[in-house]
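Enquirer: take a look and give me a structure for this.
(one chain, ligands or ions: 1)
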Amino acid sequence: MTAQTQQHPRESTVVEAAPKQLLIGGKWRPADGDRTYDVEDPSTGRALCPVADATAADGIAALDAATAAQHDWARHPARERGEILRRAYETMISRQDDLALLMTLEMGKPLAEARGEIAYAAEFFRWFAEEAVRIGGDYAVAPNGSGRFLVMHQPVGPALLITPWNFPLAMGTRKIGPAIAAGCTSVIKPAHQTPLSMLALAEILTEAGLPDGVLNVVTSRSAGTLVEPMIRDGRARKLSFTGSTAVGRTLIEQSADNVLNVSMELGGNAPFLVFDDADLDAAVDGAVQAKMRNIGEACTAANRFYVHRDVADEFSRKLAQRMSAMPVGRGVADGVQVGPLIDATQLGKVADLVGDAVEAGAQVVTGGRRSGGDGHFYEPTVLTDVPAAARMNTEEIFGPVAPIATFTDEDEAVRRANDTEFGLVSYVYTRDLQRSLRVSENLEAGMIGLNQGVVSNPAAPFGGVKQSGLGREGGKVGIDEFLETKYVSIGGM
Ligand SMILES: NC(=O)c1ccc[n+]([C@@H]2O[C@H](COP(=O)([O-])OP(=O)(O)OC[C@H]3O[C@@H](n4cnc5c(N)ncnc54)[C@H](O)[C@@H]3O)[C@@H](O)[C@H]2O)c1
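Expert: Next comes the predicted model:
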C-alpha cells in the first residue's frame, strides 16, 4: 500500500505560531550563541522549523531559575497550584485541534491519535489539580503512649524532567502535573525530535498563571551534554525520566553522587497472551490496539504474541486482515491510521528486526517491508512461527510488527511471557476468571491488561518492575514521587 501524502491547510500556521525558544525564569530566550537545530517532519523527512539548541550553560541557567523559585512555590497555597493546573487543562482541551496538528507534524502519529493524546495528557493536569489539595499529613500517638508524632509531606525540591518523543505531551504532563501539585519547581527537557508540543504546553501553563521559574523548558539536540551538568550540579533533588532502559541506567549512575531521588519509566517488552477460551474477536480488537496504537511506538506496545496452538491460525489470520487494511500515510491525511516511524534510525531498526526474524524461520503473513513515500513508513506486519531466538523477542520493536508464537499450556505461556529483563505490562485474554487472576498474579509486570488492549489511565499507578523502571506515575501515588516525608517527634506529652 502506498503511503498517503495529503497536506493539511493549517500546517504552516500552527508551526509558525509555536514557541521555538527556551523558557527560563518566565522569559522566552534564544539558546546561548543563538544556536538552533531543525525539527523534522517524519512523514516527509524534511525540516519543519528551527528551535533553540540549548547548551550546558543554558541548562544551568534553567536550574538557577528553578532553584530561585523553589522556596516561594513550595509555600504557594495548594488550592492555587491546583487551579493553575485546572486552567491549563481547560486551555489544552480548547486548543486540542491545533495542539494535535503540531504534534502530528513533529511526531507523525495520525491526527485522531494526537487528539486522543492531548485529551489523555490534559487529564493528568485535571487529576493532579484535584490531588494537590489532598497532600495532608498525619498525627500519631506513639505505641507506648508517651510521645506524639507529626508526619509532614513536603516538596522534594527542584526536579529535572526528561521525556521521550513517542508521547510528546502525555509523558510531560504525567511529570509536570504532580511536580506542580506537590510544590516542586522543574526543568524539563523534551526529546529533540518533538520539542514543539512541549513548548506550546509551557506557553499554556504560563497563560494559566504559573509563576516565573516554576517550569523551565530547555530543548536541545545534545541531550547528554545538556543534562549531565544539571544532574551533577547538586541543586536538583529529583530526576524523573521516561525513555530507554539504556539511558535510564546512565542517568541513575550520574545521579548517584548527589543521591538524587529518581523515578524511571523505562522500556518494555510486553507479552500478549491469548488462551483457547478467549473471545477471539475481542482478542483481535485488543491486539490491534496494543500493537498499532501510536504506530507501535509505545512502551506498552504488545511486543510478543503467545497464542494457544488451537486458536493461533484463526487469530493470526484475523489480525493480519485487520492490520493490512489500516491505511498508511502522513498523519494529517484523511483516514490514515498508521503514520511514519519517528526517524530513519527507527525505520532501519524495525526493518533489521524483521529481517533477522525471517532469517531465523519466521513466516510473513502480511507486510514485512517499507511503505512508499519519502517519510519513514513501514507496512503493518504480522509474522508467525517466530522462533524464540529471534532478536525481536528480547528487543523492543517500536514499530507496527506483530510476531506470533504458540503455546500449549498455561505454565508455558507464563514462563515465556516472563522470560525477559523487562516488566512493564502484560496482556491476557481469557474468559476463565480463576485463570485470569492466577496468571495476573504470576506475570512479572507492573500492569496487566485483562481482556483489555490499553492500560494507561491517569487515575491508575503507571510503571514497571524489573528493568522497566522505578516508581509510579499517575494515580494517588503519582504525587508521592515529588514529595518527601518528614516526621516531627513531639516531647513533653
Ligand atoms: N515506561 C514508560 O512509561 C515509557 C513511556 C514512553 C517511552 N518509554 C521508553 O522510551 C524509549 C523510547 O524513547 P526514546 O527513544 O526517546 O528514548 P531515549 O532513552 O533515547 O530518550 C529519552 C529522553 O532521554 C534523552 N536522552 C537521551 N540520551 C541522553 C543522555 N545521555 N543523557 C540525558 N538524556 C538523554 C532524550 O533526548 C529524550 O529526551 C523506549 O524504550 C520506550 O519503551 C517508556
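
Enquirer: could you measure from residue 186 over to residue 250?
Expert: Separation of residue 186 from residue 250 (C-beta to C-beta, to the nearest Å) stands at 20 Å. The C-beta positions use only the backbone N, C-alpha and C, and glycine is treated the same way.

Enquirer: the more surrounded of these two?
Expert: Counted by other C-beta atoms under 10 Å, residue 186 and residue 250 do not tie: residue 186 has more neighbours, with 28 against 16.

Enquirer: next, the more buried one: phi, psi?
Expert: Per-residue torsions, residue 186: phi -150, psi 160 (degrees, to the nearest 10).

Enquirer: contact partners for it?
Expert: Applying C-beta atoms under 8 Å, 6 or more residues apart in numbering, one finds that residue 186 lies in contact with 66, 158-161, 175-176, 179, 214-216.

Enquirer: most neighbours out of those, which is it?
Expert: Highest neighbour count within the contacts of residue 186, by other C-beta under 10 Å: residue 176, with 32 neighbours.

Enquirer: any idea of the pLDDT on that one?
Expert: On the pLDDT scale, residue 176 is placed at 98.

Enquirer: can you pull the phi/psi pair for the spatially closest residue to residue 466 that is not a sequence neighbour?
Expert: Nearest in space to residue 466, with sequence neighbours left out and distances taken as C-beta to C-beta, 6 or more residues apart in numbering, is residue 423 at 3.7 Å. Residue 423 adopts backbone torsions of phi -160, psi 60, taken as degrees, to the nearest 10.

Enquirer: state the distance from the nearest residue to residue 479 once chain neighbours are set aside to the ligand.
Expert: Counting by C-beta to C-beta, 6+ apart, residue 178 is the residue found nearest to residue 479 once chain neighbours are left out, at 4.5 Å. According to C-beta to the nearest ligand atom, to the nearest Å, residue 178 stands 14 Å off from the ligand.

Enquirer: how about residue 29?
Expert: Taken as C-beta to the nearest ligand atom, the span from residue 29 to the ligand is 21 Å.

Enquirer: which residues are in contact with that residue?
Expert: 21-22.

Enquirer: repeat that for the one 3 residues further on.
Expert: Contact criterion C-beta under 8 Å, 6+ apart gives 54-55, 57-58 as the residues in contact with residue 32.

Enquirer: quick one: contacts for the one residue in the stretch 151-300 of the chain that gets nearest to the ligand?
Expert: Nearest residue of the stretch 151-300 of the chain to the ligand: residue 243, at 2.6 Å (C-beta to the nearest ligand atom). Neighbour list for residue 243: 162-164, 191, 265-266 [criterion: C-beta under 8 Å, 6+ apart].

Enquirer: if we go to 10 Å?
Expert: Under the criterion of C-beta atoms under 10 Å, 6 or more residues apart in numbering, the contact list for residue 243 reads 162-166, 171, 191, 223, 251, 264-267, 299.

Enquirer: now, which of the residues you listed lie close to the ligand?
Expert: 162-166, 171, 191, 223, 251, 265-267, 299 (C-beta under 6 Å from any ligand atom).

Enquirer: now a ChimeraX select for only the buried ones of those.
Expert: Entered in ChimeraX, the line below selects the buried ones among those, by 16 or more other C-beta atoms under 10 Å:
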select :162,163,164,165,166,171,191,251,265,266,267,299
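
Enquirer: among the ones next to the ligand among the contacts of residue 243, which ones are in helices?
Expert: The members of those that map onto helices under DSSP state H are 171, 223, 251.

Enquirer: contact residues of the stretch 151-300 of the chain facing the ligand?
Expert: So far as C-beta under 6 Å from any ligand atom goes, the stretch 151-300 of the chain lies against the ligand at 162-166, 171, 189, 191-192, 223-224, 227, 242-244, 247, 250-251, 265-268, 299.

Enquirer: now with 5 Å?
Expert: Contact residues (C-beta under 5 Å from any ligand atom) of the stretch 151-300 of the chain with the ligand: 162, 164-165, 191, 223-224, 227, 242-244, 247, 265, 267, 299.

Enquirer: what about these, which are in strands?
Expert: 162, 242, 265 (DSSP state E).

Enquirer: dump the residues you listed to a markdown table, plus pLDDT.
Expert: Putting these into a markdown table (pLDDT from 0 to 100) gives the following:
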| residue | pLDDT |
| --- | --- |
| 162 | 98 |
| 242 | 98 |
| 265 | 98 |
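
Enquirer: let me have these in CSV, adding distance to residue 127 as columns.
Expert: Formatted as CSV, those follow (distance: C-beta to C-beta, whole Å):
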residue, distance to residue 127
162, 21
242, 17
265, 17
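
Enquirer: nearest to residue 117, of the residues you listed?
Expert: residue 242 (14.1 Å; C-beta to C-beta).

Enquirer: below-threshold pLDDT in the chain: ranges please.
Expert: Where the chain drops to pLDDT under 70, the residues are 1-2.

Enquirer: domain ranges for it?
Expert: For the chain, automatic domain parsing gives the domain ranges 11-265+469-487, 270-456.

Enquirer: now the shortest one, how far from the centre of its chain.
Expert: Read that as domain 270-456. In terms of C-alpha atoms, centre = their mean, to the nearest Å, the centre of domain 270-456 is set 18 Å apart from its chain centre.

Enquirer: start to end distance for it?
Expert: With C-alpha to C-alpha, to the nearest Å as the measure, domain 270-456 spans 14 Å from end to end.

Enquirer: ok so, going back, any chance of TSV for the ones in helices among the ones next to the ligand among the contacts of residue 243, columns distance to residue 410?
Expert: Converted to TSV, these look like this (distance: C-beta to C-beta, whole Å):
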residue	distance to residue 410
171	34
223	43
251	38
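
Enquirer: that older thread, give me the phi and psi angles of the residue nearest to residue 479.
Expert: Main-chain torsions, residue 178, degrees, to the nearest 10: phi -70, psi -30.
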